[in-house]
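Asker: Below are the sequence and a predicted model; questions follow.
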Amino acid sequence: MNKKDMLELALRGVDALGFTLDNLGVTSRLNRHNIAAFALAWQWRLQGEKDRLQIRLSRFRRWFPVGSP
């Protein structure tokens, strides 16, 4: 499955979620664009956390190299 197929699958899922919420009476302020923006914001946050942990790990390894007594 390539990136385009995965994106299309994700957007179909977001659309289905939007339709389901619309049928349940949730306001129309929650749409595909808002859900996508929320997902992208979390993606950037998780990427930042991953980078932060990698930096901490590299600093730890610098202080305590593998194979040191």
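Answerer: Received, thanks.

Asker: Pull out the buried positions in the longest helix anywhere in the chain.
Answerer: Secondary structure of the chain per DSSP state H: the longest helix is helix 32-63. Applying a neighbour-count criterion of 16 or more other Cβ atoms under 10 Å, one finds residue 35 buried in helix 32-63. From N, CA and C alone the C-beta is placed, and that goes for glycine too.

Asker: Report all helices and strands that it contacts.
Answerer: Using 3 or more Cβ pairs under 8 Å, 6 or more residues apart in numbering; DSSP states H and E as the contact test, the elements touching helix 32-63 are helix 3-23.

Asker: Work out which residue lies at the spatial centre of this protein.
Answerer: If you average the C-alpha coordinates of the chain and look for the closest C-alpha using Cα atoms, centre = their mean, you land on residue 43, 2.9 Å from that point.

Asker: And it, how far from residue 16?
Answerer: Remark: distance between residue 43 and residue 16 (Cβ to Cβ, to the nearest Å) = 20 Å.

Asker: Distance check, the residue nearest to the centre of the chain against residue 37.
Answerer: From residue 43 over to residue 37 the distance is 11 Å, taken as Cβ to Cβ.

Asker: Give me the residue ranges of the protein where confidence is low.
Answerer: 1, 27-28, 68-69 (pLDDT under 70).

Asker: The same query, at a cut-off of 90, please.
Answerer: Under the criterion of pLDDT under 90, the regions of the chain flagged as low confidence span 1-40, 42-43, 61-69.

Asker: mind pulling up the phi and psi values for residue 31?
Answerer: Backbone torsions for residue 31, taken as degrees, to the nearest 10, come to phi -130, psi -170.

Asker: what do you get for residue 64?
Answerer: Recorded main-chain torsions at residue 64 are phi -130, psi 80, according to degrees, to the nearest 10.

Asker: Now do it against residue 53, distance only.
Answerer: Residue 64 sits 16 Å away from residue 53 when distances are taken as Cβ to Cβ.

Asker: do the same with residue 59
Answerer: Counting by Cβ to Cβ, the separation of residue 59 from residue 53 is 11 Å.
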